[in-house]
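Engineer: Would you be able to build a 3D model of this:
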Amino acid sequence: MDILDRDGLTEREFLERYRAGDFERPSVAADMVIFTVTDAEEDNYRKLPEKELRVLLIRRGGHPFLGKWALPGGFVRPNETTEQAAVRELREETGVDNVYLEQLYTFSDIGRDPRTWVMSCSYMSLIDGGQVQVKAGDDAAGAAWFKVSYRLVRESKELIEGGYVKTLQYELKLSSDHGELTAVVERTVTVTEASTATSYSIVSNDGLAFDHAKIIAYAIERLRGKVNYTDIALHLMPKLFTLTELQQVYEVILDKELLKAAFRRKVADLVTETDHYTENAGHRPSRLYRRSLEEFR
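Structural biologist: Sure, this is the predicted structure:
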């Protein structure tokens, strides 16, 4: 027996009469924060090159924000999920798709896109930059890797009834041969006895389109948080690597130096040694390791 609603309609009858156009609907985009780690230029071949965390940006080839730099991404098509859209965008921009990918957050602030109501379902991807050839999509004027710097510049705390509000301001700098992009992103944490809420806002922005400075800041903090308790950093490494190279990657993500002995204890369960060694490196050969595929603690 069919169940009737308050209007006396069966589900089939309700769906036949339903008009989606009666309700305003947003456009949905999938925006990609694609990180890689590369070697900085080093004149002394006997010295290990420093590592640099980089993010892929595209120069917009049309309005809005014509000529500004933005995260790669696009609108979700009717026949795909947001994750499928992210995989498609990643493949179109980098030529790879079998890499680390995770959903970050859905950004839905009013007015974040001047065209119309657009919600961004953002994703973070980690790739070995040495295996990638970036290319701009049809609607872009160019694509480039930008070196990332994200540092705390101001912090304050205010007591409120039943809790406190903590405000942290970070300076985001993105640099490449194309110039330097800067933004100040503010993270506000409101703590009460009943809840904790975190919000982000852009204080200033020079060169980045839309609210992408905020999305990049969110991704950096996610990456820094997860690197302490997961093997996420291994997804930025080539198939074989030295422990020193891996430590450099951790340090560039966390933006701080780590003690060698403590670091090696930390990653002992995450890597497996091989019988291979570095060659033609200009210094004493080092043992090469690979990511452990066994369950780790």
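
Engineer: what about the longest helix in the protein?
Structural biologist: When the chain is parsed with DSSP state H, its longest helix is helix 212-227.

Engineer: who's in contact with that helix?
Structural biologist: Helix 212-227 has contacts (CB atoms under 8 Å, 6 or more residues apart in numbering) with 31, 33, 35, 55, 70-71, 104-105, 107, 120, 122, 124, 126, 148, 150, 170, 172, 174, 183, 185, 187, 200-202, 205, 208, 232-233, 250, 253-254. For every residue, glycine as well, the C-beta is placed using N, CA and C.

Engineer: Please indicate which of the residues you listed are buried?
Structural biologist: 31, 33, 35, 55, 70-71, 104-105, 107, 120, 122, 124, 126, 148, 150, 170, 172, 174, 183, 185, 187, 200, 202, 205, 208, 232-233, 250, 253 (16 or more other CB atoms under 10 Å).

Engineer: What segments of the stretch 151-297 of the chain are helices?
Structural biologist: 212-227, 243-254, 260-266 (DSSP state H, counting those that start in this stretch).

Engineer: and those, which is most packed in?
Structural biologist: helix 212-227 (a mean of 21; mean count of other CB atoms under 10 Å).

Engineer: what helices or strands is whichever strand or helix holds Ser149 leaning on?
Structural biologist: Using DSSP states H and E, the element containing Ser149 is strand 140-160. Secondary-structure packing of strand 140-160 (3 or more CB pairs under 8 Å, 6 or more residues apart in numbering; DSSP states H and E): strand 27-39, strand 51-60, strand 163-176, strand 179-192, helix 212-227.

Engineer: tell me which strands and helices the following helix or strand past the second one is in contact with?
Structural biologist: Taking DSSP H and E as the definition, the helix or strand that follows strand 51-60 towards the C-terminus is strand 69-70. Counting contacts by 3+ CB pairs under 8 Å, 6+ apart, strand 69-70 packs against strand 51-60.

Engineer: Could you check the strand it packs on and say which residues are buried?
Structural biologist: Lys51, Glu52, Leu53, Arg54, Val55, Leu56, Leu57, Ile58, Arg59, Arg60.

Engineer: Is it correct that the fourth one is in contact with Val37?
Structural biologist: Yes. Applying CB atoms under 8 Å, one finds Arg54 in contact with Val37, separated by 7.1 Å.

Engineer: Give me the common contacts of those two.
Structural biologist: Gly129.

Engineer: what number of residues lie near the closest residue to Gly130 other than its chain neighbours?
Structural biologist: Spatial nearest neighbour of Gly130, chain neighbours left out: Pro238 (6.1 Å); criterion: CB to CB, 6 or more residues apart in numbering. Residues lying near Pro238 (other CB atoms under 10 Å) number 12.
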